[in-house]
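S.K.: Model the structure of this input:
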Amino acid sequence: MDYRPLGRSGIEVSAICLGTMTWGTQNTEQEGFAQMDLARERGVTFFDAAEMYPVPPSAETYGRTEEIVGNWLQSRACRDEIVVATKVTGPGSRFPYIRDGACRLDRKNIEAAIDTSLQRLKTDYVDLYQLHWPDRSTNIFGQLGYHPDPDDQSVPLAETLAVLDDLVKAGKVRTVGLSNETPWGTMSFLKLAELGKGPRMVSVQNPYSLLNRSFEVGQAEVAIREDCRLLAYAPIAAGVLSGKYLDGAQPAGARLTLYPQNSRYRTATSEPAVRKYVDLARRHDLRPEVMANAFVVSRPFATASIVGATSLEQLEIQLSAAEVQLSQEVLEGIEAIHAEHTIPCP
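M.R.: Numbering: from 1, shown residues only. A predicted model of the protein is given here:
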């Protein structure tokens, strides 16, 4: 396992991060424990959660994922070995059960969110606390074009950063990061930190995979020059890059079979690209999902690839990507496909 600096925080994390968002819906607590045990055995030191997990979110399961992580940390007595990341929920009408449906990235919400996350995680501090998505209206979650909202009344970034600063000073948070953020937002937070307005962001957790390399446009340069690198989520595009959904297949128990409404990566434009990536991997005796994840891990602007699984077999496969070095021929093949299918899934 490769270990990398988390921005300028002084914290090191494994290049593979264990995603947790299925624990509490598709996975039981016992299965989550088994995944964390296996990941730890394989050298993973970085777990990522969120207060709104599991996904798909609901009032009945809200916070359950953090509880499972917390129960495991307590039972294994290994808190100091694991870099624990979680997130505060951004604004939106989908969560009437979170703080009475009035989620914002303001003092009241962030302070309430961190305190309840710490209780569920059974810890005194979170290593990395992330803003799950911006408070302002911007182009995220698959929207490439930017359409400004003239009525946008977002919480000022400086106000949000000031709250995070207080959490760091109180010892509740070691360092902070962004998620689903744009180049403008990232640079704005970094500029505020340079002006002494709060802690410096150390990472940006955004989607990145062979089907969505939009991070490379603008964000990649920021990531490298500012040491605020990518924590890539959906590195195998919700399993689509394994090829298991090709030709309309509906594998029993698979995520997009159970939740077809979450089919961001399973589209008419993605199918031809997926087929070519799958064929490329098989020509080189690689599992398609391993090739896809190894590509993400190899990017110079990435700190970690966040892998998720619903079985130990799937997790073993994803963890193996940390040991795979893609050949120049494979990399050239990937670029050729990318030139033809540049961003099939935003």
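S.K.: who's in contact with V204?
M.R.: The neighbours of V204, taking Cβ atoms under 8 Å, 6 or more residues apart in numbering as the test, are G177, L178, S179, E181, T186, Q219, A223, C228, R229, L230, L231. Using the backbone N, CA and C atoms, a C-beta is placed for each residue, glycine as well.
S.K.: Look up which residues are beta-bridged to the residue nearest to the spatial centre of the chain.
M.R.: Nearest to the mean C-alpha position of the chain, counting by Cα atoms, centre = their mean, stands Y233 at 3.7 Å. Taking DSSP bridges as the rule, Y233 bridges to P207.
S.K.: What pLDDT is listed against the nearest residue to A292 once chain neighbours are set aside?
M.R.: Of all residues not flanking A292 in the chain, L241 sits nearest, at 4.2 Å (Cβ to Cβ, 6 or more residues apart in numbering). At L241, the model reports a pLDDT of 97.
S.K.: As TSV, the contacts of V204 with distance to E194, pLDDT and secondary structure would be great.
M.R.: Formatted as TSV, the contacts of V204 follow (distance: Cβ to Cβ, whole Å; pLDDT from 0 to 100; DSSP: H, G, I helix; E, B strand; the rest coil):
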residue	distance to E194	pLDDT	secondary structure
G177	17	98	strand
L178	16	98	strand
S179	21	98	strand
E181	17	97	coil
T186	13	98	helix
Q219	19	97	helix
A223	17	98	helix
C228	12	98	coil
R229	18	98	strand
L230	21	98	strand
L231	22	98	strand
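S.K.: Please identify which helix or strand holds A220.
M.R.: helix 219-226 (DSSP states H and E).
S.K.: in stretch 60-68, what's buried?
M.R.: T61, Y62, G63, R64, T65, E66, E67, I68 (16 or more other Cβ atoms under 10 Å).
S.K.: Export these to a markdown table and append columns for pLDDT.
M.R.: Converted to a markdown table, the buried residues of stretch 60-68 look like this (pLDDT from 0 to 100):
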| residue | pLDDT |
| --- | --- |
| T61 | 97 |
| Y62 | 98 |
| G63 | 98 |
| R64 | 98 |
| T65 | 98 |
| E66 | 98 |
| E67 | 98 |
| I68 | 98 |
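S.K.: Helices of the stretch 1-150 of the chain, start to end?
M.R.: Under the criterion DSSP state H, counting those that start in this stretch, the stretch 1-150 of the chain contains helices at 29-41, 64-76, 107-121.
S.K.: Which elements pack onto the helix or strand harbouring D166?
M.R.: Secondary-structure assignment from DSSP H and E places D166 in helix 157-169. Applying 3 or more Cβ pairs under 8 Å, 6 or more residues apart in numbering; DSSP states H and E, one finds that helix 157-169 contacts helix 107-121, strand 126-131, strand 173-179, helix 183-194.
S.K.: so can I have a markdown table of those showing mean neighbour count?
M.R.: Converted to a markdown table, the helices and strands packed on helix 157-169 look like this (neighbours: other Cβ atoms under 10 Å):
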| stretch | mean neighbour count |
| --- | --- |
| helix 107-121 | 18 |
| strand 126-131 | 25 |
| strand 173-179 | 24 |
| helix 183-194 | 18 |
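S.K.: and of the ones you listed, who's closest to P5?
M.R.: strand 173-179 (11.2 Å; Cβ to Cβ).
S.K.: Report the distance from the closest one to the chain centre.
M.R.: 13 Å (Cα atoms, centre = their mean, to the nearest Å).
S.K.: just stretch 95-106 next, same as before
M.R.: 21 Å.
S.K.: Tell me the span between the first and last residue of that stretch.
M.R.: End-to-end distance for stretch 95-106: 16 Å, by Cα to Cα, to the nearest Å.
S.K.: One more: stretch 135-149?
M.R.: Rule used - Cα to Cα; the end-to-end distance of stretch 135-149 is 13 Å.
S.K.: Same question for stretch 307-321.
M.R.: 10 Å.
S.K.: which of the residues in it are buried?
M.R.: V307, G308, A309, T310, Q314, L315, I317, Q318, L319, S320, A321.
S.K.: Which of the residues you listed fall in helices?
M.R.: Q314, L315, I317, Q318, L319 (DSSP state H).
S.K.: Can you name the residues that contact the last one?
M.R.: The contact partners of L319, taken as Cβ under 8 Å, 6+ apart, are I16, L38, A39, R42, V44, V307.
S.K.: Now do the contacts for the last one.
M.R.: Translated: V307. By Cβ under 8 Å, 6+ apart, the neighbours of V307 are I16, C17, L18, G19, P235, I236, N293, L315, Q318, L319, A321.
S.K.: Same list, those residues, but as TSV with pLDDT and distance to Q205 please.
M.R.: Formatted as TSV, the contacts of V307 follow (pLDDT from 0 to 100; distance: Cβ to Cβ, whole Å):
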residue	pLDDT	distance to Q205
I16	98	14
C17	98	9
L18	98	14
G19	98	10
P235	98	12
I236	97	16
N293	98	16
L315	97	19
Q318	96	17
L319	97	19
A321	95	18
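S.K.: Specify which member of those is nearest to E31.
M.R.: Nearest member of the contacts of V307 to E31, counting by Cβ to Cβ, is L315, at 10.2 Å.
S.K.: I'd say that closest one and R40 touch.
M.R.: No - applying Cβ atoms under 8 Å as the test, L315 and R40 come out as separate, 11.6 Å apart.
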